[in-house]
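# Below are the sequence and a predicted model; questions follow.
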2 protein chains.
Amino acid sequence: MKTLQKALSKEGIRSLFKEVRIGLEKESQRVTLDGQLAKSDHPETLGCRSYHPSIQTDFSETQVELITPVASSAREVLEYLAANHEVVLRSMNKDEMLWPMSMPPILPEKDEDIIIAKLERFEDVLYRRYLARSYGKRKQMISGIHYNFEFAPELITKLFKEQSEFATLDEFKTEVYLKVSRNYLRFRWFITYLLGASPVSEAGYFTGQDAEVPDEPVRSIRNSDFGYTNHDDVFVSYKSIQDYVAGIERLVDQGIMSEEKEFYSPVRLRGGKTVADLKAHGVQYIEVRNIDNDPFAKYGIKEENIEFLHFFLMYMLWLDNDHCEPDELIKKGDRLNNEVALERPLSQTQYAEEGLSIINGMLEMAEEIQLNQSSLELIETYRQAFSEPAKTLSGQLVSLFEAGTSHHEFAVAKGQAYKESAEAKPYQLAGYRDMELSTQILMFDAIQRGIDVEVIDRHDQFLKLKFNKEIEYVKNANMTSRDNYVVPLIMENKTVTKKLLAQAGFRVPQGKEYASAEDALADFGYFGQAGIVIKPKSTNYGIGISIFKEGADFESYQEAIRLAFLEDSEVLVEEFLTGTEYRFFVIDNQVKAILLRIPANVTGDGKQTIAELVAAKNEDPLRGTHHRAPLEQIMLGDIEKLMLSEQGYTVDSILAKGELVYLRENSNVSTGGDSIDVTDEFDDSYKKIAIEAVAALGAKISGIDLIILDANQPAERKSCQYGIIEANFNPAMHMHVYPFKGTGRRLTEDVLDLLYPELKK
Amino acid sequence: MKTLQKALSKEGIRSLFKEVRIGLEKESQRVTLDGQLAKSDHPETLGCRSYHPSIQTDFSETQVELITPVASSAREVLEYLAANHEVVLRSMNKDEMLWPMSMPPILPEKDEDIIIAKLERFEDVLYRRYLARSYGKRKQMISGIHYNFEFAPELITKLFKEQSEFATLDEFKTEVYLKVSRNYLRFRWFITYLLGASPVSEAGYFTGQDAEVPDEPVRSIRNSDFGYTNHDDVFVSYKSIQDYVAGIERLVDQGIMSEEKEFYSPVRLRGGKTVADLKAHGVQYIEVRNIDNDPFAKYGIKEENIEFLHFFLMYMLWLDNDHCEPDELIKKGDRLNNEVALERPLSQTQYAEEGLSIINGMLEMAEEIQLNQSSLELIETYRQAFSEPAKTLSGQLVSLFEAGTSHHEFAVAKGQAYKESAEAKPYQLAGYRDMELSTQILMFDAIQRGIDVEVIDRHDQFLKLKFNKEIEYVKNANMTSRDNYVVPLIMENKTVTKKLLAQAGFRVPQGKEYASAEDALADFGYFGQAGIVIKPKSTNYGIGISIFKEGADFESYQEAIRLAFLEDSEVLVEEFLTGTEYRFFVIDNQVKAILLRIPANVTGDGKQTIAELVAAKNEDPLRGTHHRAPLEQIMLGDIEKLMLSEQGYTVDSILAKGELVYLRENSNVSTGGDSIDVTDEFDDSYKKIAIEAVAALGAKISGIDLIILDANQPAERKSCQYGIIEANFNPAMHMHVYPFKGTGRRLTEDVLDLLYPELKK
């Protein structure tokens, strides 16, 4: 079938050939920090396993299974997997972690101490009890990765048009996947050789009843006959879809397997709910099941290996092997695989030659279909492993063991390191660290609750959430379908916002809009001796704004008007409100957080210099740079130094104990300011004002800024003790979740409550 | 009360003193184009008079009453009045107009031919029947303007703090308005002199039963005893609010008046539903009722006169007159007013000296409170009228009559001119011509239906609509609360839009996003020989976009990729869809309009040059410049000339009969393109696609652009015969309402139907 290779190399087809849809499932055992099987239940924070799409348990209560959505690249699927890992690791008990190996940790002596997953559906529990009886509980404790793989549907359509052998698209598609599966089964020893990573077992995996056990480390116990395989009497043909389906159905009918899903082939044909559906609608994708957990990879598999597996699967289609008898192919593959799996990891494999010819074949294919240079280089890197077995995963592990580290010590150290890494920056989410913090936190919460999360546009912070069939789009973690279109339009126009709030009886800075300097100057008297702010109507970043806290003389007023008109054809003159500014975060008619922001500052201890105090304050893990943490580090730049010198200090001054010094005028968190949560101590009267003002604007989610004269004095809507200076339609949330001081307010949970009230915790 | 003047001059107060809240009510008779009282009913298109807030009928079925909302400047209130005029004039029969005079047109001989307004509420009809009996129908046919006036509430509060005479704010406020009313009544002859504009009557106003009639033109029949006044036995004191209320209540009790509203004083105290409320809650504002319709003004009153009246009313507060006995003041005022009203318009008034002292007093006040220069100049202009009576309104009218134009001829000519002016640009709305056309059209429709319209931000096209208590905000005539916040966010992000549409199974241009030129170049083959578009991910106005309709060679592709990456860090390569682009306008799951836009063009007649053909085409009143008309004029600039020369023409070429020549590549209406409505002829299958695609994006209002290969061939969602290239969250509407060819689609009505289904026509 050189014809197929020709078709795959064609312009317009070869690019489709490179496209991929991958989904991963990855199991791991939940263990204590010293590597004992956890005795606790699956974490409650992870919602209910009866519906959770991405975090499940497999055989035992401790066997966490992470399931990614379908992704279109190695990187994307790894991002999903990384996020799932962080969610699970942060959701479990502090003294627990994930065991990074495929082979289980030391297993309890008594079978009853291996707890079957406590699932809601009784039939699920019954099935696991049957497995325990049939295979023994210990084998069921092995973990690994399933790699679900689909070609671009358009590729299949285009290839179909290039051939004449098959009458329908479904038949052709099925044959494509059958061919890939047969070849994969035939050559999978190659993957076992390279990526096998279960060389030894801990105590309790093999028991006295096992007739035979490997006496030396091997490449992959899991992929050998000592692993988790069907009984010897199970053989299913991949010759045709009819044979495949009939084979599985017969095994179930004869009681050799209890259910179709007990068919543990390294490659399963997928599509539909039962195998019979495969006949009706064709194969949709395949599930490759022989990937060991890679303990060197934080998330159990490295991106390059995901990509390499993809190229290998492409090659399984490319490879011209059609002259062979299908069943013989598989049987030979099984034999070779078992042999390789049981080889010594540091020894040369007996099939090195075939291995090298596969590499060469993959490179030929890559050239033909014009894979890019980095892909060619990636394939090339695997060649070395055939001359240096220590480069394989099992080789690397065994080298460590020989150097004196035990399997257990290694696994515990890796598990702990991965756990620590997951907890180091709880405000970030692995896989999505380039996104805004508020979005990362919301994604974490959504995944934890069992809501499907798809990043529709990464740069734009655009998420698609899905629970059951209910789809919600969220941008910037705070823009949702619960607000109507007019709401942000109102808030982004400060004049409109003020008008509406004033009409509803709230206090806003009084002021006037001017279209000519003459009119503005004529009204100089109107603004009297009180403090005023003069600003262009529509500008940001403070350009053209003058503030006269104590009022202005006519000349300063005139100059300020002139400056403002340079920026806009309309100018606002507003009263300056005195007091302290607080951000009230209102969601669904409730004040969920109140934040006070104060400028960058340090407090002396009588010993340290200002520079030292700043350095010490910057050590807080909540402080970072470039908005990658909830607080920013305090800089010691020109502005800060000027501010210090105005107060008679330099960075080398030593402050008296308790002396507070500000390094900035502005209170922005982005210039090192502190965020202080004051939600609980605030008088309800202000919360009422904030709630009603947000309601007057028709908004469900808003961060509204109040200037308050004296927060100890209650106020009412009509009071002059407060003023509303802004309502924000895109208010940051992370600063409330992780404030410098005070209680964190998980506003992201509140947003999810609004979108999916049925999942409210 | 010099104290008051001092207080009013204070910094912080004088500016408040200048603030104003004005509302106008203006009556006019509906007549035929030759000035006969209309026989038709009040136009049905104007909704129902039982709730219409701005367009009503007064006494007779022909007497239209226009009511403006409260405005804060002369200009603003006149904008409202102008808009109301245009709505009424365009809503009535083609052969009807508004009679511009206060005095009615020729009245029918028989009383029964003067039709009392056909109102829904029977008590309203009964009251008018009573008036007809009590005053005669003819006097009720006089029209005029009521000027509702309120000081800034904050002014009253501040003045209240400056005095000690009154114990409560309500008492003080009431006294402020009582003072203004008394002084106004005393000096109103001054207004009658300047603005009186009812010098003569047409046939049928006076009947044989009238004992006395003026034998010469006077300044104002309406404001004289020959006008529409209470019977002689009606006198009400303005000494105190108690006296005022008791006076009116007594007249009703004694049966001298039938209802409180029959009190036809030139100044009414207002606030609350009954006059008794005035005692309980104080006077809120006053209603000045002696303003004649000014036939020289398109809308019955000129802006400068509205402003001058405002200054005059301010002066009525300023004026120190407190030593006079209140009732004497009024009685004197009534006498003077009647005398002046009956003076010959071209004669000097006997009270010129007092008139000039009022002008001087107003100017003094203006200086003290620092009114701006243009206000001082405005006041000054009225001085001349006291030396030259021909400058008064009645003087101007009588001068015309003496020159040979009859009252009737003048009124008919003015009425017709105003009617024509209102109909000249039906896509615009007087008062708001600087706003976007779509918004002007929507405002027209809203006013017509009886929805209150407030312009919240003019520059931002931000409207507040209100019907009953239901408030809706609308921006750009198409952004409403019926769409949710996420909808525009989806549409403004082309990647997200495409993803969602593709996920829902619609055809969108296939393509890929690249973050590096290398990757994009590696995929050159993917896009094959087909047409492609290469563009920066987020850019507008075509910058950095390359289109290869027939596909590209590698070098052109490479160059296009390079150019695109200059504009953005992400680049899209998309298939180029061939076909014709149509805009489908979907509102509330229905296709309301389909538009085809074609580039600027002319068709030859074998005689005219291209330049002449363009000039002729540009005469279409639908073509304007700067987006002030639904279509733009065709320019003959460099681009057009180049395009012509490429086709072998110059602007002086004469085209053969029927020969079509394009002057532009692009089909934008903004560069002279034609808009062609094709809604009716379109196959339903495409409408279905458009509706479902907009629904897939969750939108209620969207303009969605489809490229269609052959509109005669039906399509379905999965077809390759069409592609969706964009969904717009801010689609222009005016081009559908007033297309170059085809049926206009009043989409603004559909938007109102969506917002106020209860008002659906």
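Thanks, I have it.

# and stretch A:230-239, average pLDDT?
Stretch A:230-239 shows an average pLDDT of 86 in the prediction.

# pull the helix or strand with minimum mean pLDDT from chain A.
Here the helix or strand of chain A ranked lowest by mean pLDDT, DSSP states H and E is helix A:524-527, holding a mean of 75.

# Partner strands of whatever helix or strand comes next after that one, with direction?
Downstream of helix A:524-527, the first helix or strand assigned by DSSP states H and E is strand A:532-536. Under the criterion DSSP bridges, strand A:532-536 sits next to strand A:546-548 (antiparallel), strand A:571-575 (antiparallel) in its sheet.

# Save the ones you listed as a markdown table, and put in distance to B:Gln63 and mean pLDDT too.
Backbone N, C-alpha and C define where each C-beta goes, glycine included. Converted to a markdown table, those look like this (distance: least, C-beta to C-beta, whole Å; pLDDT from 0 to 100):
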| stretch | distance to B:Gln63 | mean pLDDT |
| --- | --- | --- |
| strand A:546-548 | 54 | 86 |
| strand A:571-575 | 43 | 90 |
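
# Chain A - how does it break down into domains?
Following the TED database, one finds the domains of chain A at A:3-422, A:510-575, A:580-755.

# The residue of the stretch 301-450 of chain A found nearest chain B: what's it in contact with?
With C-beta to the nearest C-beta, the shortest gap between the stretch 301-450 of chain A and chain B falls at A:Asn372, namely 4.2 Å. A:Asn372 makes contact with B:518-519, B:522, according to C-beta atoms under 8 Å, 6 or more residues apart in numbering or on different chains.

# Once you drop chain neighbours, what's closest to whichever residue of the stretch 101-250 of chain A sits closest to chain B?
Nearest to chain B in the stretch 101-250 of chain A, going by C-beta to the nearest C-beta, is A:Glu154, at a distance of 8.5 Å. Spatial nearest neighbour of A:Glu154, excluding adjacent residues (C-beta to C-beta, 6 or more residues apart in numbering or on different chains): A:Leu16 at 5.4 Å.

# Repeat that for A:Thr3.
A:Gln163 (7.0 Å).

# and the one you found, backbone torsions?
With angles defined as degrees, to the nearest 10, A:Gln163 sits at phi -120, psi 170.

# Repeat that for A:Glu328.
The phi/psi pair for A:Glu328 (degrees, to the nearest 10) is phi -60, psi -40.

# Please name the residues that touch the residue most central in space within chain A.
For chain A, A:Ala83 is the residue whose C-alpha lies nearest the centre (C-alpha atoms, centre = their mean; 2.9 Å). By C-beta under 8 Å, 6+ apart, the contact list for A:Ala83 reads A:429-432, A:443-444, A:447, A:453.

# Now with 7 Å, please.
A:429-432, A:443, A:447 (C-beta atoms under 7 Å, 6 or more residues apart in numbering or on different chains).

# quick one: which of these sit in strands?
If you go by DSSP state E, the contacts of A:Ala83 have nothing in strands.

# any idea which of those residues is the one closest to A:Ile707?
A:Met443 (33.9 Å; C-beta to C-beta).

# Please verify my assumption that the closest one contacts A:Val453.
Yes: counting by C-beta atoms under 7 Å, A:Met443 does reach A:Val453; the two are 5.3 Å apart.

# Are there residues contacting both of those two? Which ones?
By C-beta under 7 Å, 6+ apart, the residues touching both A:Met443 and A:Val453 are A:Leu463.

# Comparing the two, which shows the higher neighbour count?
For A:Met443 and A:Val453, the more surrounded residue by other C-beta atoms under 10 Å in any protein chain shown is A:Met443, and the numbers stand at 25 against 22.

# contacting residues around the more buried one?
Per C-beta under 7 Å, 6+ apart, neighbours of A:Met443: A:83, A:429, A:432, A:453, A:463.

# In JSON lines, list those along with pLDDT.
As requested, the contacts of A:Met443 are exported to JSON lines (pLDDT from 0 to 100):
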{"residue": "A:Ala83", "pLDDT": "97"}
{"residue": "A:Leu429", "pLDDT": "97"}
{"residue": "A:Tyr432", "pLDDT": "96"}
{"residue": "A:Val453", "pLDDT": "95"}
{"residue": "A:Leu463", "pLDDT": "97"}
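
# any idea which of those residues is closest to A:Gly404?
A:Ala83 (35.5 Å).

# Return the set of buried residues in the helix or strand hosting that closest one.
In this assignment (DSSP H and E), A:Ala83 forms part of helix A:74-91. Buried residues in helix A:74-91, counted by 16 or more other C-beta atoms under 10 Å in any protein chain shown: A:74, A:76-91.

# What backbone torsions are found at the nearest residue to A:Ser258 once chain neighbours are set aside?
Closest residue in space to A:Ser258, ignoring its immediate chain neighbours: A:Tyr130 at 5.2 Å, by C-beta to C-beta, 6+ apart. With angles defined as degrees, to the nearest 10, A:Tyr130 sits at phi -60, psi -50.

# is it true that A:Tyr130 touches A:Gly255?
No: at 11.1 Å, A:Tyr130 does not count as touching A:Gly255 under the criterion of C-beta under 7 Å.

# between these two, who's got more neighbours?
The residue with more neighbours, out of A:Tyr130 and A:Gly255, is A:Tyr130; 13 against 7, by other C-beta under 10 Å.

# That one and A:His42: what is the separation?
A:Tyr130 sits 21 Å away from A:His42, going by C-beta to C-beta, to the nearest Å.

# and what of A:Lys419?
From A:Lys419 over to A:His42 (counting by C-beta to C-beta), the distance is 17 Å.

# Which one's more surrounded, these two?
More crowded of A:Lys419 and A:His42, by other C-beta under 10 Å: A:His42, with 25 against 20.

# Can you tell me the SS state at A:Glu581?
Counting by DSSP: H, G, I helix; E, B strand; the rest coil, the backbone at A:Glu581 sits in strand.

# surely it meets A:Leu709?
No: with contact defined as C-beta under 7 Å, A:Glu581 does not reach A:Leu709; the gap is 11.4 Å.

# Which residues of chain A lie near chain B?
Residues of chain A found near chain B (C-beta under 7 Å from any C-beta of the partner chain) are A:11-12, A:14-15, A:370, A:372, A:456-457, A:460, A:462, A:473, A:475, A:479-481, A:483-490, A:493, A:495-496, A:499, A:522-523, A:525-526, A:528.

# Now, those that are in helices?
When these are checked against helices (DSSP state H), the matches are A:14-15, A:486-490, A:495-496, A:499, A:522, A:525-526.

# now, the most widely separated pair of these?
Among these, A:Arg14 and A:Gly525 lie farthest apart (C-beta to C-beta), at 77.6 Å.

# Of those two, give the one with the bigger neighbour count.
Legend: neighbour count by other C-beta under 10 Å for A:Arg14 and A:Gly525, higher for A:Arg14 (20 against 16).

# wait, what's in contact with that one?
So A:Arg14 contacts A:8, A:369-370, B:525 (C-beta under 7 Å, 6+ apart).

# And the residues you listed, which is closest to A:Thr32?
Using C-beta to C-beta, these come closest to A:Thr32 at A:Ile369, 48.7 Å.

# and that closest one, what pLDDT?
The predicted local confidence for A:Ile369 is 93.

# Thought A:Phe17 was touching it, still the case?
Yes: in this structure, A:Ile369 is within contact of A:Phe17 by C-beta under 7 Å, at 5.8 Å.
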